[in-house]
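Visitor: 3D model of this:
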Amino acid sequence: MTQKNKKFKFAKVVIILLALLIAIPVFTFYSFYNKLNTTSASVEDTYESKYEKVDGITNILLLGTDGREKELAYRSDCMMIATIDSNNKNIKLTSLARDTYVDIPGKGKGKLNAAYFWGKEKLLFQTIEENFEIKLDKFIQVDFDNLMNIVFILGGVEVDIKEHEIDSINEMIPGSYGQCTYSNKGDMKLLTSPGKQIINGYQAIAYTRIRKVDSAIYRDERQREVMLSVINTMKENDFSEYPHLLNTLLPYVSTNLTPQDIINIAFTAYNFKPLTIKQGQFPIIDNVHVKGGKYKNAGWVWLYDLNSRQVLQDFINNDIDMDKHEYLKDNSNVQLNY
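Guide: A predicted model of the protein is given here:
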């Protein structure tokens, strides 16, 4: 293989991994106009940057925020941990339910997404670490407007629309369309039929916002579906488009990852052959290790089994699939976090 081809293949991995990291805006539902200070990055067409493998486990918190115009503080509406697992050579995506009932350091009990409201990513890192014993110090955040632009730039994403979802999606589309700032968004289009199809930016936002047709857990699944579609879309792009596309997408994200961090993570993932992406969610929604409902002054929350944190930790750190964990076979030790 020529050096030029190696660079192109590596460039592809950079883009695919970046798509994974920036796909978090798929999980943004109500964030308007709030532009965060972003870490600007640029990638040269030649990809001459030095890069090195990242050993062990790297966890990156993917954030979608719930903000309103002129608000100084807002909540993280969606949270997902992207794990780059060099030990087992795979990537994991773990959704954290925003309504999970937790102890927020210095603030008392409340919903997980309130931690971002009170102290942004620093307090959210601390809350996740103290409640779930998962170490985090890297994050990527994208706001609502930027998500729609990103999906348009990518040419849309493919999802499988269910019959019972169509009406709810179409109810959301006018609002999403009105908020969309993409210059070439065209006339508003509603969905007309179920099945696999390519949806645009404002349709994707509408798709990921619905939950009245089922629950927030299914909404998390829709979010991950869009994320994986973004990755698959990137795989199909022509090599020559990657440098320009990468530089087009980077300004839309806010992150404390440096360009070199992204290059190193991408190089690490390049050695995961084949590239495997595993999915998980916490709390574990099985009517045994979780209880949903209104609790005290917190509103509607998920109370979770404290001992089930071991399932989350083993999935991220030891590559044990959640649904195959031994702990879930014995329900005698369930202890909800009242």
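Visitor: contacts and neighbour counts: CA atoms only from here.
Guide: Will do.
Visitor: low-confidence regions, the stretch 101-250 of the chain specifically.
Guide: 144-145, 212-225, 227-250 (pLDDT under 70).
Visitor: all helices of it, in order?
Guide: Per DSSP state H, counting those that start in this stretch, the stretch 101-250 of the chain carries helices over the ranges 114-132, 144-153, 166-179, 201-209, 216-235, 242-249.
Visitor: show me the contacts for the residue lying closest to Thr94 once chain neighbours are set aside.
Guide: With sequence-adjacent residues excluded and distances taken as C-alpha to C-alpha, 6 or more residues apart in numbering, Thr94 is closest to Gly280, at 4.5 Å. Residues near Gly280 by C-alpha atoms under 8 Å, 6 or more residues apart in numbering: Lys92, Leu93, Thr94, Ser95, Phe315, Met322.
Visitor: can you say which helix or strand has Gly280 in it?
Guide: In the assignment (DSSP states H and E), Gly280 maps to strand 277-282.
Visitor: what residues sit buried inside that strand?
Guide: Within strand 277-282, the residues that qualify as buried are Gly280, Gln281, Phe282, counting by 16 or more other C-alpha atoms under 10 Å.
Visitor: tell me the angle it makes with helix 114-132.
Guide: 100 degrees (axes from the mean of the first three to the mean of the last three C-alpha atoms, to 10 degrees).
Visitor: ok, and for the helix or strand just after strand 277-282, which residues are buried?
Guide: Remark: after strand 277-282, the chain's next helix or strand is strand 290-294, criterion DSSP H and E. By 16+ other C-alpha under 10 Å, the buried positions in strand 290-294 come out as Val290, Lys291.
Visitor: who does strand 290-294 pair up with?
Guide: strand 300-304 (antiparallel) (DSSP bridges).
Visitor: what comes into contact with the strand it pairs with?
Guide: 99-101, 111, 283-284, 289-295, 335-338.
Visitor: at 6 Å what do you get?
Guide: Asp99, Thr100, Tyr101, Pro283, His289, Val290, Lys291, Gly292, Gly293, Lys294, Leu336, Asn337 (C-alpha atoms under 6 Å, 6 or more residues apart in numbering).
Visitor: ok, so of the buried residues of strand 277-282, who is nearest Asn88?
Guide: Gly280 (16.0 Å; C-alpha to C-alpha).
Visitor: for Asn59, give its distance to Lys138.
Guide: Using C-alpha to C-alpha, to the nearest Å, Asn59 is found at 7 Å from Lys138.
Visitor: repeat that for Asp261.
Guide: 10 Å.
Visitor: ok, these two, which is more surrounded?
Guide: Lys138 (17 against 14; other C-alpha atoms under 10 Å).
Visitor: excluding its backbone neighbours, what's nearest Pro283?
Guide: Tyr304 (5.9 Å).
Visitor: how close does the one you found sit to Leu61?
Guide: On the measure of C-alpha to C-alpha, Tyr304 and Leu61 end up 21 Å apart.
Visitor: over to Gly175?
Guide: 28 Å.
Visitor: any idea what Ile161 is bridged to?
Guide: With DSSP bridges as the rule, Ile161 is bridged to Gly195.
Visitor: picking that back up, partner strands of the strand holding Gly280, with direction?
Guide: strand 90-96 (parallel).
Visitor: ok, back up a step: who has more neighbours out of Gly175 and Leu61?
Guide: In this view Gly175 and Leu61 are compared by other C-alpha under 10 Å, and Leu61 has more residues nearby, 24 against 13.
Visitor: you'd agree the more buried one is up against Phe139?
Guide: Yes. In terms of C-alpha atoms under 6 Å, Leu61 counts as a neighbour of Phe139; the distance is 4.5 Å.
Visitor: related to what we said a few turns ago, export the contacts of strand 300-304 as TSV, with columns for distance to Ile81.
Guide: Listed next are the contacts of strand 300-304 as TSV, based on distance: C-alpha to C-alpha, whole Å:
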residue	distance to Ile81
Asp99	16
Thr100	15
Tyr101	18
Pro283	13
His289	21
Val290	20
Lys291	22
Gly292	22
Gly293	25
Lys294	26
Leu336	23
Asn337	22
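Visitor: tell me which of those residues is nearest to Glu326?
Guide: The closest of these, once distances to Glu326 are taken by C-alpha to C-alpha, is His289, at 13.6 Å.
Visitor: wait, Gln335 touches Ser308, no?
Guide: No. Shown here, Gln335 and Ser308 do not form a contact pair, counting by C-alpha under 6 Å, at 8.7 Å.
Visitor: these two: who's more crowded?
Guide: Relative neighbour count places Ser308 above the other of Gln335 and Ser308, with 23 against 15, counting by other C-alpha under 10 Å.
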